[in-house]
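S.K.: Provide a 3D model corresponding to the input given below.
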Amino acid sequence: MYLHSIEENKTTCYPALDQMTDSPFPLREDHSKDSSMLTLASGILSDEQFYIILPFIIYTSQLINICAIIANSLVIAVFVKLGFSEPSNISLTALAICDFTLAVSLTWSNLCFLFTYHNVRLPFHGAKVTGLTGGDLWSFLSSTVAWITAFISFERCLCILVPLKVRRLITPRGTSVAMLIIILLTFCPSFFIYIRYTFVWEFNSYLNVTILNTIPVNSEFAILFEKIYLVICGVIQPLLAFLIALICTVLLVVQLRKISSWRLSVTSAKNQRVEPEENPAANSSVSGARISQKEERLVRKVVAIASIFIFSYIPTCIMLLCYVVLDEFNQFGVYRRLFIVSAYITSLGQPISGSANILIYYKMATKFRSVFRRLVRLDQQEQEKH
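M.R.: Below you'll find the predicted structure:
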């Protein structure tokens, strides 16, 4: 999470980019804090360890982000060729677009960090401007990705549990409206953060140049609005989406097991030349499990997508809970170095998840695989070999 704080004139969430004290590397302990806590924090992660670990994480993140950008670009291109007559194509395309934008925002933030880390002068305050234009956008885009994944899982649950009532609503138009609502309620509110900050040109004595910077708007309304906004949109929203995705995925896995058991009983009944309807007790235990194989493949694909998202998002959830519970676990507290490293590590999860989705589509979707192979000319290359 790259969250701005109400406190001013302190180290930002990009310590190596910070220029508030006219130095690109001003991260020092705040001696106004209790000395025992500072000693404990230094023991957890020293300055030397911090400046060794963080660049390594950034380079790793950059590599993963590039893979996510390429993978999601291909996914979007394939779904555009497939068309949007299927509601699932619309939601999966929206997910790919958000994953793509998320990876781009992280790439921008990482580039600015690396440029300043290697003493490349930038025409703007690396920490603050990049935070508003990259880090904060990533933070709220991750919430959008979480809600789209939760919606996809919830939709499949309803289609299996109450198919007759729901399928009238699960239409291309209905899915498009749902995606628009999710984006409006999760990502678009992130622009309200600019109520609290404004862009200005300031002279930087360390660089001896005028650079673009941001300054806070110190009105009581802006401060209160930021506090409420960050708690709701930065913490509550993603955690709630994670819980919905988790519950729906568990229900889908249980239902898939019922489907497999029902198909096995049907196969056994046919082998014994007994109609499955002759065993009403067995049929009643799997009511609602009789879905088409096409629907079953789609459910399995959704389970795979949601499962990867859940496992990749667990570290973020843990960090968000620590951010709420522990007063000093933030970019300005005693444990700020640990917080910054944790933030960068957890940011790796969603680009990994976004990169892995293309493998799921390729493995589980016949139409996607066919269009993908034509798009990258794999079929043509195999024909030329033969």
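S.K.: in this protein, what spans have low per-residue confidence?
M.R.: Within the chain, the stretches with pLDDT under 70 are 1-44, 127, 207, 262-264, 266-292, 331-332, 378-386.
S.K.: Next one: the residue positioned nearest the centre of it from Ser312, what distance?
M.R.: Central residue of the chain (CA atoms, centre = their mean): Ser142, 3.4 Å from the mean position. According to CB to CB, to the nearest Å, Ser142 stands 10 Å off from Ser312. (Each C-beta comes from the backbone N, C-alpha and C, glycine too.)
S.K.: what does Leu212 give?
M.R.: Note on Leu212: its distance to Ser312, by CB to CB, is 34 Å.
S.K.: Those two: which has the busier surroundings?
M.R.: The residue with more neighbours, out of Leu212 and Ser312, is Ser312; 18 against 14, by other CB atoms under 10 Å.
S.K.: Can you give the distance of the helix or strand that one falls within from its chain's centre?
M.R.: Ser312 is part of helix 293-325, with elements assigned from DSSP states H and E. Computed by CA atoms, centre = their mean, to the nearest Å, the separation of helix 293-325 from the middle of its chain amounts to 10 Å.
S.K.: Counting by contacts, list what that helix packs against.
M.R.: helix 136-161, helix 237-271, helix 336-346, helix 349-364 (3 or more CB pairs under 8 Å, 6 or more residues apart in numbering; DSSP states H and E).
S.K.: Turn those helices into TSV, columns for distance to Thr107.
M.R.: Below are those laid out as TSV (distance: least, CB to CB, whole Å):
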stretch	distance to Thr107
helix 136-161	10
helix 237-271	21
helix 336-346	13
helix 349-364	9
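S.K.: highest average neighbour count across those?
M.R.: helix 136-161 (a mean of 24; mean count of other CB atoms under 10 Å).
S.K.: mind checking how far that one is from the chain centre?
M.R.: 10 Å.
S.K.: ok and it relative to helix 237-271, angle-wise?
M.R.: For helix 136-161 against helix 237-271, the angle by axes from the mean of the first three to the mean of the last three CA atoms, to 10 degrees is 30 degrees.
S.K.: quick check: angle from helix 136-161 to helix 336-346?
M.R.: 50 degrees.
S.K.: Compute the inter-axis angle for helix 136-161 and helix 349-364.
M.R.: Interaxial angle, helix 136-161 versus helix 349-364 (the same axes, to 10 degrees): 40 degrees.
S.K.: downstream neighbour of helix 136-161 in the secondary structure list?
M.R.: helix 163-166.
S.K.: Give the buried residues for that following helix.
M.R.: Neighbour-count burial for helix 163-166, with 16 or more other CB atoms under 10 Å as criterion, is recorded at Val166.
S.K.: so what secondary structure elements neighbour it?
M.R.: Against helix 163-166 (3+ CB pairs under 8 Å, 6+ apart) you get helix 136-161.
S.K.: Tally up the residues packed near Thr101, please.
M.R.: Thr101 has 18 neighbouring residues, counting by other CB under 10 Å.
S.K.: For it, give its distance to Arg374.
M.R.: 26 Å.
S.K.: that older thread, list the residues that contact the nearest residue to the residue nearest to the centre of the chain once chain neighbours are set aside.
M.R.: Here the nearest residue to Ser142 in space, its sequence neighbours aside, is Gln350; by CB to CB, 6 or more residues apart in numbering that works out to 5.5 Å. Going by CB atoms under 8 Å, 6 or more residues apart in numbering, Gln350 touches Asp99, Leu102, Ser142, Val145, Phe309, Ser312, Tyr313, Thr316.
S.K.: now the last one, nearest residue through space, not along the chain?
M.R.: It refers to Thr316. Nearest to Thr316 is Thr346, by CB to CB, 6+ apart, at 4.5 Å.
S.K.: Over to the second one?
M.R.: Ranked by CB to CB, 6+ apart and with sequence neighbours excluded, the top spatial neighbour of Leu102 is Leu141, at 4.3 Å.
S.K.: thinking the one you found is in contact with Cys188, fair?
M.R.: No. Here Leu141 does not reach Cys188: they are 10.9 Å apart, not a contact under CB atoms under 8 Å.
S.K.: Determine the three-state secondary structure at the closest residue to Thr133 other than its chain neighbours.
M.R.: Once flanking residues are discounted, Thr133 sits nearest to Trp108: 7.0 Å by CB to CB, 6+ apart. Under DSSP: H, G, I helix; E, B strand; the rest coil, Trp108 falls in the helix class.
S.K.: separation between Trp108 and Ile57?
M.R.: Using CB to CB, one obtains 16 Å as the distance from Trp108 to Ile57.
S.K.: now do Val371
M.R.: 36 Å.
S.K.: if we can go back for a sec, what angle sits between the helix holding Ser312 and helix 349-364?
M.R.: 170 degrees.
S.K.: Please spell out which residues along the helix or strand containing Arg173 are buried.
M.R.: Element membership for Arg173 (DSSP H and E) is helix 172-186. Buried residues in helix 172-186, counted by 16+ other CB under 10 Å: Thr175, Ala178, Met179, Ile182, Ile183, Thr186.
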